[in-house]
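[1] Sequence plus predicted model, see below.
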Amino acid sequence: MIAIAVIAGVGPGLGFSLAKKFSGEYKVVLLSRNQDKLNGLALEITKNGGEVFFLALDLMINTDFRQLESRRI
């Protein structure tokens, strides 16, 4: 079984810190509206040996949420 940590609303504060912390033990799934922030954090996590999947979306928008549902992580 693969352990996965899903972090929604990844920004420069708490979400960023949690993603870095969990990436040492879990496959990390990052969700944020800001693609640039996701790119930077995903790069940092993979450079440190972590496994990451990220998706820019807004969970308050139904079509974005459906996009997440349709993905296999």
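    Perfect, I can see it now. Values in this document were obtained by computation on a predicted structure and should not be read as measured data. Residues are numbered from 1 along each chain as shown.

[2] This structure: helices as residue ranges?
    Remark: helices assigned in the chain by DSSP state H are 14-22, 35-47, 62-70.

[3] For the first one, which helices and strands make contact with it?
    In terms of contacts (3 or more Cβ pairs under 8 Å, 6 or more residues apart in numbering; DSSP states H and E), helix 14-22 is packed against strand 4-8, strand 27-32, helix 35-47. The C-beta positions use only the backbone N, C-alpha and C, and glycine is treated the same way.

[4] pLDDT (mean, whole number) over the longest one?
    In this model, helix 35-47 has an average pLDDT of 91.

[5] quick thing: my sequence starts at 29, can you match it?
    New numbering, starting at 29: the last item is helix 63-75.

[6] tell me the angle of it relative to strand 55-60?
    Between helix 63-75 and strand 55-60, the angle comes out at 170 degrees (axes from the mean of the first three to the mean of the last three Cα atoms, to 10 degrees).

[7] do the first one as well
    Taking the same axes, to 10 degrees, strand 32-36 and strand 55-60 form an angle of 10 degrees between their directions.

[8] Tell me how many other residues crowd the residue nearest to residue 53 when sequence neighbours are not counted.
    Nearest residue to residue 53, sequence neighbours excluded (Cβ to Cβ, 6 or more residues apart in numbering): residue 31, at 6.9 Å. Applying other Cβ atoms under 10 Å, we find 8 residues neighbouring residue 31.

[9] what's the answer for residue 77, then?
    8.

[10] again with the one 10 residues further on
    A count of neighbours around residue 87, defined by other Cβ under 10 Å, yields 13.

[11] Next: residue 35.
    By other Cβ under 10 Å, the burial measure for residue 35, its neighbour count, is 22.

[12] go on, the one 3 residues further on?
    The burial count assigned to residue 38 is 25, neighbours taken as other Cβ under 10 Å.

[13] For it, give me its contacts.
    The neighbourhood of residue 38, defined by Cβ atoms under 8 Å, 6 or more residues apart in numbering, consists of 44, 47, 58, 59, 60, 65, 66, 69, 82.
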